[in-house]
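Asker: A structural model of the following input is requested.
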Amino acid sequence: LEQKDEGQAKFSGVVDQGEKVQPQTATGGRDQIRQELRDLRDQWEMYLDGLNEAQRRLEAVLTQWAIYEERHQHMTTWLTDMQSGLSQAAQLKASLMEKKAALQHYKSLQQDIASQANVLDADEKKGQALKSQQVNNQLKETRDAYNSLVARVKDLISESERQVEGHQNYSEIYQNFRDWLQSLQDKLEVCSEPSPDKNSIQSKLNKLSSLENVQQEGEPKLDTVRQQADQIMTQTSSDGQEVIRQDLDELQRDWDAILSRLGATTSGLQQALSAWQEYDELHEKLLKWIKEMEGQLKDCPLKSTLQEKEAQLEKLTAAQHEITAKKPEFDAIEVKTQQLAIGETKMTETTAALNARYENLHTMVKDVIKQWEKFVEEHQVYRSEYDTFSKWLKDQMLKLASCSKKRGDKVELEEVQSQLNEINAEKQQETPKLQKTMELGEALYPNTTAEGREIIRQELRSLQDRWETFCDQLSETQRSVEMSLLQWSSY
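Answerer: Have a look, this model is predicted:
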């Protein structure tokens with residue numbers, strides 16, 4: 001093909017030369033030249049036709065090779081991926097569910113592999129058409145790999161079916177033993193339920209006596225479960241083995257718990273028989289205490305002084321602490337009630353009533369304390385306001401007395417007048433406080449005894465008298481100083 005153009009050029013050159021020499025050649029020579037050129041053209045065209053046919057056939061063969069190589073590459077890649085997938089899938093599984101999923105996966109892969117048989121047959125036909133030893137070798141390798149894959153997945157299905165069957169047997173034996181344990185648990189639950197009376201307790205003790213040989217029956221069952229577990233250990237991944245060991249440990253713990261609970265339930269029922277008397281004694285004790293405490297809270301007469309009110313509040317606070325401290329005893333009787341399993345019986349109602357009175361006692365002491373805290377706070381506020389105002393009034397009286405003694409020249413009188421004005425200004429500011437103190441004192445009358453009310457009245461009366469005296473003295477002193485200053489001005 002590369003020399004086609006060169007041949008075409010040479011052919012064209014020969015034709016040109018032949019046409020050039022014809023005018024210079026006799027008739028016979030020209031006919032010979034024409035014939036030679038005609039023959040040469042026919043040969044050149046035959047050569048071109050043969051060349052084109054060879055090119056077409058070559059391109060067809062190359063196309064067949066390309067198709068074969070592409071299909072071969074696809075089949076090789078599929079085989080490689082499938083072999084890799086089988087290697088990963090062939091790893092041990094942890095659970096029965098995973099093993100069943102693996103078996104289903106292998107069967108699905110088997111169908112996929114079978115579906116590739118026709119593809120492989122078609123590839124072999126196309127490869128054989130190439131009549132190449134290399135291709136034949138490749139086809140043989142591919143067929144061998146495919147047959148190996150078919151055998152591999154078949155073995156995996158067989159092994160997987162065996163593993164699923166073994167694990168299924170283990171699961172059934174395990175579940176049967178657990179169901180048997182649950183039946184024992186249910187019987188113990190019935191015997192552990194609260195008993196309303198002694199006859200019920202005795203009936204349950206009789207039922208428990210029928211379970212004395214349960215240990216001899218359960219040990220062989222548990223051994224069978226362990227033997228089946230040992231058989232599937234080698235067919236299970238490390239994670240799955242750990243799960244099986246944990247399940248067996250849990251099964252052992254549950255079995256031990258059943259045996260332990262059997263003894264504990266029997267002992268508990270026996271103890272319940274003696275718990276009834278303990279309940280009665282504790283109930284009587286707590287009921288007596290509640291009645292005494294209720295009497296203390298209801299008997300809280302009014303007090304006369306702040307100190308007495310504070311003492312009463314401390315007494316009530318101590319009673320509250322005592323009530324709170326009794327909570328464990330009431331919890332204890334509640335526990336005893338639950339242990340005796342009295343349900344909706346009279347004892348349940350009695351305990352509920354006792355606890356209700358105890359809770360009511362909590363509320364009662366809070367309300368009484370809140371009331372007395374208010375009494376104390378009001379008295380404290382009154383006392384603080386009274387003392388503060390009384391002290392201020394005393395200080396002002398001293399200032400006023402000092403101003404009354406001062407006499408002298410005009411400058412000193414003017415200074416005294418200024419001080420008196422300041423005292424008067426403070427008096428105007430403090431006047432509402434007097435009224436507030438009077439109101440606070442009178443507000444104490446309802447929560448104070450008659451004796452205490454009389455004390456407060458005397459304090460308020462004394463304070464009012466001192467206030468009026470202070471006001472009169474202040475006015476008199478101001479008038480006196482003003483007269484003296486007026487005399488100075490006249491002078």
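
Asker: only C-alpha atoms for contact and neighbour calcs from this point on.
Answerer: Fine.

Asker: Flag the shaky bits of the stretch 251-400 of the chain, pLDDT-wise.
Answerer: With pLDDT under 70 as the threshold, the stretch 251-400 of the chain has low-confidence stretches at 273, 341-345.

Asker: Do a quick rundown of the helices in it.
Answerer: Using DSSP state H, counting those that start in this stretch, the helices found in the stretch 251-400 of the chain span residues 306-325, 327-340, 346-405.

Asker: just the stretch 51-200 of the chain next, same as before
Answerer: According to DSSP H, counting those that start in this stretch, the stretch 51-200 of the chain carries its helices in the segments 96-115, 117-129, 133-192, 198-209.

Asker: For the shortest one, buried residues please.
Answerer: When burial is assessed from 16 or more other C-alpha atoms under 10 Å, helix 198-209 yields the following buried residues: I201, K204, L205, L208.

Asker: again, but for the first one
Answerer: Within helix 96-115, the residues that count as buried by 16+ other C-alpha under 10 Å are L96, K99, K100, A102, L103, Y106, K107, L109, Q110, I113.

Asker: Out of the helices of the stretch 251-400 of the chain, flag the one nearest V411.
Answerer: helix 346-405 (13.7 Å; C-alpha to C-alpha).

Asker: and the direction of the closest one versus that of helix 306-325, what angle?
Answerer: With axes from the mean of the first three to the mean of the last three C-alpha atoms, to 10 degrees applied, the angle from helix 346-405 to helix 306-325 works out at 160 degrees.

Asker: chain center to helix 346-405, what's the gap?
Answerer: Helix 346-405 has its C-alpha centroid displaced from the chain centroid by 47 Å (C-alpha atoms, centre = their mean, to the nearest Å).

Asker: after that helix, next one along is what?
Answerer: helix 410-443 (DSSP states H and E).

Asker: So which other helices or strands are in contact with that following helix?
Answerer: helix 346-405, helix 450-490 (3 or more C-alpha pairs under 8 Å, 6 or more residues apart in numbering; DSSP states H and E).

Asker: could you dump those helices to a markdown table with distance to K20?
Answerer: A markdown table is the format used below for those (distance: least, C-alpha to C-alpha, whole Å):
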| stretch | distance to K20 |
| --- | --- |
| helix 346-405 | 141 |
| helix 450-490 | 161 |
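
Asker: With mean neighbour count and distance to L340 as added columns, please give those in JSON lines.
Answerer: Formatted as JSON lines, the helices and strands packed on helix 410-443 follow (neighbours: other C-alpha atoms under 10 Å; distance: least, C-alpha to C-alpha, whole Å):
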{"stretch": "helix 346-405", "mean neighbour count": "16", "distance to L340": "9"}
{"stretch": "helix 450-490", "mean neighbour count": "15", "distance to L340": "55"}
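
Asker: so which of the helices of the stretch 251-400 of the chain comes closest to N213?
Answerer: Closest among the helices of the stretch 251-400 of the chain, using C-alpha to C-alpha: helix 327-340, at 27.2 Å.

Asker: quick one: buried residues of that closest one?
Answerer: In helix 327-340, counting by 16+ other C-alpha under 10 Å, buried: F330, I333, E334, K336, T337, Q339, L340.

Asker: In this structure the fourth one contacts E281, no?
Answerer: When you say that, I think you mean K336. No - using C-alpha atoms under 8 Å, K336 makes no contact with E281, being 11.7 Å away.

Asker: possible to save the helices of the stretch 251-400 of the chain as a markdown table with distance to S160?
Answerer: Shown next, in a markdown table, are the helices of the stretch 251-400 of the chain (distance: least, C-alpha to C-alpha, whole Å):
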| stretch | distance to S160 |
| --- | --- |
| helix 306-325 | 68 |
| helix 327-340 | 54 |
| helix 346-405 | 61 |
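
Asker: And those: which comes nearest V153?
Answerer: Among the helices of the stretch 251-400 of the chain, if distance is taken as C-alpha to C-alpha, the winner is helix 327-340, at 63.3 Å.

Asker: Just the angle for the closest one relative to helix 198-209, thanks.
Answerer: 60 degrees.

Asker: re the thing from before, nearest to L259 among the helices of the stretch 51-200 of the chain would be which one?
Answerer: L259 lies closest to helix 133-192 among those, at 9.7 Å (C-alpha to C-alpha).

Asker: Now the phi/psi pair for Q116, please.
Answerer: Phi and psi for Q116, reported as degrees, to the nearest 10, are phi -90, psi 0.

Asker: Local confidence estimate at it?
Answerer: Q116 carries a pLDDT value of 74.

Asker: where's it relative to S158, distance?
Answerer: 21 Å (C-alpha to C-alpha, to the nearest Å).

Asker: again, but for T348
Answerer: T348 sits 66 Å away from S158, going by C-alpha to C-alpha.

Asker: before we move on, what about Y279?
Answerer: Note on Y279: its distance to S158, by C-alpha to C-alpha, is 69 Å.
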